[in-house]
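Novice: Provided below are the primary sequence and the corresponding predicted coordinates.
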Amino acid sequence: MSHADGKHAPPFEVTVDAIRKVAEGVVELTLVDPSGHPLRTWEPGAHLDLRLPNGLVRQYSLVPGTEDSGQYRVAVLRETAGRGGSEFIHAGLNIGDVLVCDGPHNNFTFAAAKSYRFVAGGIGITPLLRMLESAERAGATWKLTYCGRTRASMAWADDLETRFPGRVDVRPDDVFGPPDLAAVLGDLAEGELVYACGPHGLLDAIAAHLGEAARGVLHVERFAPVDAQRLKTDRQAFRVTLQRSGIDLEVPADKSILEVMEEHGIPVISSCREGTCGTCETAVIAGEADHRDSILSDAEKAANETMMICCSRGFGTGLIIDA
């Protein structure tokens, strides 16, 4: 899994070239370089960090377009109960506005296989779109199950059925009810991979259905932490050394490394603040991190090479990070 794509590349500006409604509550933004140059290439599963004029930073999966590959497209679901990012994009963003971006980054890399099962829930379709195209070009066997509240809320549903007849099963909940995972994921072939993105309830149900078979087979991208309760419990104070800054910091039990760095005027880019986006991923130079994110695999956490400083912690003293 690659977590560092574009990590050290400088931020760059993009101009909003088009805003298009693609479903109820979902708009697609087309972003271009202000000077007309092609934008950085990206791989399936990648996302952009958008720095919004209201001070928020939000991640949006890149979606493929039919025109110039030098453009970027992202789709944004309006979340009225969110923290204001999607609301600003829907209500306050206009064609011609200039945004600052970081990336592309990729926490959801696409592995080669002979066959795939894709499962999308609502806006979770976005990171899967280019994976479908890649699987199709590679001649792999694949099927997409696309779930959502209503068909009208499911972006690109008609287009996907038209482009990939027989491979896309659009199943709005108001018609079909919750997905039958035994039917969706039954009879997985040897080496077949499952890629899923959507609400945590759907992803948890998929993981529970697959059980032990999920290891090495299931790949997910989450919009919410796996264990939200653990982010706030069993927290002890610890010390961390910021090697590049030359500063030792005391991190109290009720704060994160990120929050303490901000209090000391040390700039750090962040977004979700709950270990699901990867924006604040930082290299671990020494010491052991108490990993609490929902991105790194068990093997990556054991390797202890990076950590998400918005939620992961240290043990006592000895933690040194590249900051």
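Specialist: Nice, thanks for sending it over. All values reported here derive from a predicted model rather than from experimental measurement.
Novice: name the residues of the lowest-mean-pLDDT helix or strand in the chain that are buried.
Specialist: Every helix and strand of the chain was ranked by mean pLDDT, DSSP states H and E. The lowest is helix 298-303, at a mean of 85. For helix 298-303, the neighbour count (16 or more other Cβ atoms under 10 Å) marks K301 as buried. Every residue, glycine included, has its C-beta placed from N, CA and C.
Novice: got the CA coordinates for that helix in PDB?
Specialist: As requested, the backbone C-alpha atoms of helix 298-303 are provided in PDB (Å, rounded to 0.1, in the frame of the first residue of the first chain):
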ATOM      1  CA  ASP A 298      -1.800  -4.600  10.600                       C
ATOM      2  CA  ALA A 299       1.600  -5.300   8.900                       C
ATOM      3  CA  GLU A 300       2.200  -1.600   8.400                       C
ATOM      4  CA  LYS A 301       1.300  -0.800  12.000                       C
ATOM      5  CA  ALA A 302       3.800  -3.500  13.100                       C
ATOM      6  CA  ALA A 303       6.400  -2.100  10.800                       C
END
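Novice: okay, now the domains of this structure?
Specialist: Domain ranges of the chain: 12-105, 115-222, 229-321, per automatic domain parsing.
Novice: my read: K301 touches S294, true?
Specialist: No - between K301 and S294 there is no contact under Cβ atoms under 8 Å: 11.0 Å.
Novice: what about the stretch 1-150 of the chain, any weak spots by pLDDT?
Specialist: Within the stretch 1-150 of the chain, the stretches with pLDDT under 70 are 1-8, 66-69, 81-83.
Novice: that one: strands as residue ranges?
Specialist: 12-23, 26-32, 47-51, 57-61, 72-77, 98-105, 115-121, 141-148 (DSSP state E, counting those that start in this stretch).
Novice: show me what the longest one is in contact with.
Specialist: Defining contact as Cβ atoms under 8 Å, 6 or more residues apart in numbering, one finds that strand 12-23 is touched by 27-34, 39, 71-72, 75, 93-101, 152-157.
Novice: now do 7 Å
Specialist: 27-34, 71-72, 75, 93-101, 152-156 (Cβ atoms under 7 Å, 6 or more residues apart in numbering).
Novice: partners of it, with directions?
Specialist: If you go by DSSP bridges, strand 12-23 pairs up with strand 26-32 (antiparallel), strand 98-105 (antiparallel).
Novice: tilt between it and strand 72-77?
Specialist: 50 degrees (axes from the mean of the first three to the mean of the last three Cα atoms, to 10 degrees).
Novice: what of the last one?
Specialist: For strand 141-148 against strand 72-77, the angle between stretch directions is 40 degrees (the same axes, to 10 degrees).
Novice: thinking again about what came up before, same list (the strands paired with strand 12-23) but as a markdown table, adding distance to G216 and mean neighbour count.
Specialist: A markdown table is the format used below for the strands paired with strand 12-23 (distance: least, Cβ to Cβ, whole Å; neighbours: other Cβ atoms under 10 Å):
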| stretch | distance to G216 | mean neighbour count |
| --- | --- | --- |
| strand 26-32 | 33 | 21 |
| strand 98-105 | 23 | 19 |
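Novice: can you map out the helices along the chain?
Specialist: Ranges of helices within the chain are 85-92, 129-137, 157-163, 173-176, 181-184, 200-210, 257-263, 298-303, based on DSSP state H.
Novice: with just CA atoms, put stretch 37-46 into PDB.
Specialist: Taking C-alpha atoms only, stretch 37-46 is exported to PDB below (Å, rounded to 0.1, in the frame of the first residue of the first chain):
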ATOM      1  CA  HIS A  37      -0.800  22.800 -18.100                       C
ATOM      2  CA  PRO A  38      -1.600  19.100 -17.500                       C
ATOM      3  CA  LEU A  39      -2.100  18.200 -13.800                       C
ATOM      4  CA  ARG A  40      -0.200  15.400 -12.000                       C
ATOM      5  CA  THR A  41      -1.100  11.900 -13.100                       C
ATOM      6  CA  TRP A  42      -2.900   9.600 -10.600                       C
ATOM      7  CA  GLU A  43      -3.600   6.000 -10.000                       C
ATOM      8  CA  PRO A  44      -6.900   4.200  -9.100                       C
ATOM      9  CA  GLY A  45      -8.000   4.900  -5.600                       C
ATOM     10  CA  ALA A  46      -6.200   8.300  -5.300                       C
END
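Novice: buried ones in it?
Specialist: 39-40, 42-46.
Novice: what of stretch 307-319?
Specialist: Buried, per 16+ other Cβ under 10 Å, within stretch 307-319: 307-314, 319.
Novice: endpoint to endpoint, that stretch covers what distance?
Specialist: 11 Å (Cα to Cα, to the nearest Å).
Novice: and stretch 118-126, by the same measure?
Specialist: With Cα to Cα as the measure, stretch 118-126 spans 12 Å from end to end.
Novice: I'm done for today, thanks for sticking with me.
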